[in-house]
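S.K.: Test case, fold it:
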Amino acid sequence: MDDFNNTTELGVYDTAINVIGGLKDITVIFKAIDSHFSQSDSLKGLVNQRNEFNLRTEKSRARIEREVRKGFLQFKNEDHQDLIQGIFSDRVPLQDKQLVLVWQFALNNRLFREITSGIFVKTYYSGRASISKDDITAYLKEFLLQNELQKISWSENTINTLSTKYLNLMSKLGFLSPGRVKSFNHIRPSSEALVLFLYFAKLCSPRANNIMINKLLSISFVPSEDMQERLKKLSMKGFFNMNFNGVALNIELTQSYKGVCDVLYN
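M.R.: The predicted model follows:
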């Protein structure tokens, strides 16, 4: 397993956010994950045969199936797959599952990861009560200016749609209010969810033990100045080992990816 240390591993920029953010009901993602791990069901059966995403055309169903598979059913290794399968059981509370969907999509989709860390989280911690489509649009336009070598040619309409669909997705996941004004909901990961975050962080940077420099740190939704204290309490419960040398906060996972949910939620 390798770190995300080059462009290929970071992922390409795509507009999958438009497809996922356009879903009327985000709980179909839960059904998609369930079907993937079911012995008697499949994503294809869910989307194409039973049309549980309620899509009119075969083209739309094919596009949804492709983007759901890329965004949520793409795994870095068997441990990663075991982790997702364990989380999406009935024992894990909905709020924790919603956070996991953000971390899973962030692992698999570079644009979602960068919008979330680059503008969403920063605005949330700035003290503002809400975030607007204009905030996301401005971020994307600046991103295009700074990444001309990527040769990404998104039209004004594509940028506007990406901004709207991103905010819609975060509303449906419970991070924002559903109305026209997108007010932030209070986001505080449970202790159990924070432990799960450490597993996603390890999947993101397998060779790095210092959580404070992990690429996913900002989307843990725990302020970096609070991270040590929250993790210290959890490490004392035996969920993982940690040491802090004044600079690096090193984490050593002690539970298996397959069994961590049994330890946390039983």
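S.K.: Output the below-cut-off pLDDT ranges for the stretch 1-150 of the chain.
M.R.: Residue ranges of the stretch 1-150 of the chain with pLDDT under 70: 1-10.
S.K.: where along it do the helices fall?
M.R.: If you assign secondary structure with DSSP state H, counting those that start in this stretch, the helices in the stretch 1-150 of the chain sit at 7-10, 16-21, 27-37, 43-44, 58-72, 78-87, 94-108, 110-115, 121-125, 133-146.
S.K.: got these as TSV, with distance to Thr161 columns?
M.R.: Glycine gets a C-beta too; all of them are placed from N, C-alpha and C. Putting the helices of the stretch 1-150 of the chain into TSV (distance: least, Cβ to Cβ, whole Å) gives the following:
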stretch	distance to Thr161
helix 7-10	23
helix 16-21	5
helix 27-37	20
helix 43-44	25
helix 58-72	14
helix 78-87	28
helix 94-108	17
helix 110-115	13
helix 121-125	20
helix 133-146	10
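S.K.: For Pro189, find the nearest of these.
M.R.: helix 94-108 (5.8 Å; Cβ to Cβ).
S.K.: tell me the angle the closest one makes with helix 58-72.
M.R.: 90 degrees (axes from the mean of the first three to the mean of the last three Cα atoms, to 10 degrees).
S.K.: how about helix 94-108: buried residues?
M.R.: Buried residues in helix 94-108, counted by 16 or more other Cβ atoms under 10 Å: 96-108.
S.K.: got the angle for it vs helix 27-37?
M.R.: Using the same axes, to 10 degrees: helix 94-108 against helix 27-37 is 70 degrees.
S.K.: Please compute how far helix 94-108 lies from its chain's middle.
M.R.: 4 Å (Cα atoms, centre = their mean, to the nearest Å).
S.K.: re the thing from before, show me which pair in the buried residues of helix 94-108 is furthest apart.
M.R.: Farthest apart among the buried residues of helix 94-108 - using Cβ to Cβ - are Asp96 and Asn108, which lie 18.8 Å from each other.
S.K.: Lovely, talk soon.
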